[in-house]
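I'll drop the sequence and a predicted model, then ask my questions.
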Amino acid sequence: MKRACDFILSFVGLLLLSPVLLAIAAALKGSSPGPIVYRGLRVGRWGRPFHMLKFRTMVVEAERIGGSSTADDDPRITRVGKLLRKYKLDELPQLINVLKGEMSLVGPRPEVPQYVAMFTNEEQLILAVRPGITDLASLWNADEGSFLAGSKDPEKTYLEVIRPNKIRLQLEYVRRQSFVTDLQIIWKTVWTVLMRMVTKPRPSAG
């Protein structure tokens, strides 16, 4: 049932959002050199590798310049990329991953191989389900880039502060996943994104 819902909703979503996808693609093409879509290697269900799709928000070959954890003040992020990241629009191409069955709308966010290699035996349970576009951990830390901004070592901050809570919430989701839980997560995710779009940034204290 979940796979059928994923297929239908991702297909409908791609159709309805096609004008937005084309507009973003045009903006990226005209703003900086490089591909429109970034294909990041991630680990999927049962440990199978796949390429997660995102609109490219960073300079070409950004992975060779820095780590996989990205703060909002990372110099690798392009001007258009900052806007896409702020409203999570860079994640929209992942609807294609969902359509193909590599991801689900709701599930633990897919990780890079180097972080999956750090999983304990208990944490391997996370790989028993399809990774998703959003989950409990995404709601807990909806603005990871902002949290990491200002950190002298974003990679270390991610591993020591964010990752433990992220793993805990992902395990919680896997253990109590249900259709109702998925609907609640989808609704809260949409609400969070909409609130970010209408909420004005607070003025700087300085």
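Right, received. Where do you want to start? Numbering: from 1, shown residues only.

for this structure, what spans make up the helices?
In the chain, the segments counted as helices under DSSP state H are 2-16, 18-31, 62-65, 79-86, 94-100, 113-116, 136-140, 144-148, 154-157, 163-176, 179-198.

where in the chain is pLDDT low?
61-72, 145-147, 199-206 (pLDDT under 70).

now with 50?
202-206 (pLDDT under 50).

hmm, back to that, let me have the helices of the chain in JSON lines, adding mean neighbour count and distance to Arg39 as columns.
In this view, the C-beta of every residue, glycine as well, is placed from N, C-alpha and C. Conversion of the helices of the chain to JSON lines gives the following (neighbours: other CB atoms under 10 Å; distance: least, CB to CB, whole Å):
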{"stretch": "helix 2-16", "mean neighbour count": "14", "distance to Arg39": "17"}
{"stretch": "helix 18-31", "mean neighbour count": "13", "distance to Arg39": "14"}
{"stretch": "helix 62-65", "mean neighbour count": "13", "distance to Arg39": "11"}
{"stretch": "helix 79-86", "mean neighbour count": "18", "distance to Arg39": "16"}
{"stretch": "helix 94-100", "mean neighbour count": "20", "distance to Arg39": "10"}
{"stretch": "helix 113-116", "mean neighbour count": "14", "distance to Arg39": "14"}
{"stretch": "helix 136-140", "mean neighbour count": "19", "distance to Arg39": "21"}
{"stretch": "helix 144-148", "mean neighbour count": "19", "distance to Arg39": "20"}
{"stretch": "helix 154-157", "mean neighbour count": "17", "distance to Arg39": "21"}
{"stretch": "helix 163-176", "mean neighbour count": "16", "distance to Arg39": "23"}
{"stretch": "helix 179-198", "mean neighbour count": "13", "distance to Arg39": "23"}
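
In TSV: those helices, plus distance to Ile126.
TSV is the format used below for those (distance: least, CB to CB, whole Å):
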stretch	distance to Ile126
helix 2-16	16
helix 18-31	29
helix 62-65	23
helix 79-86	24
helix 94-100	17
helix 113-116	9
helix 136-140	10
helix 144-148	18
helix 154-157	20
helix 163-176	5
helix 179-198	16
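
Of the ones you listed, which is nearest Trp46?
Evaluated over these, closeness to Trp46 peaks at helix 113-116, with 11.6 Å, by CB to CB.

on that earlier part again, specify the stretch among the helices of the chain that is closest to Leu125.
Going by CB to CB, the one of these nearest Leu125 is helix 163-176, 5.5 Å.

got the angle for that closest one vs helix 179-198?
140 degrees (axes from the mean of the first three to the mean of the last three CA atoms, to 10 degrees).

Please shift the residue numbers so they start at 8 in all later answers.
Let's use 8 as the start, then, which means that last one is helix 170-183.

who touches helix 170-183?
If you take CB atoms under 8 Å, 6 or more residues apart in numbering as the criterion, helix 170-183 is touched by 113-116, 122, 129-130, 132-133, 135-136, 142-144, 147-148, 188.
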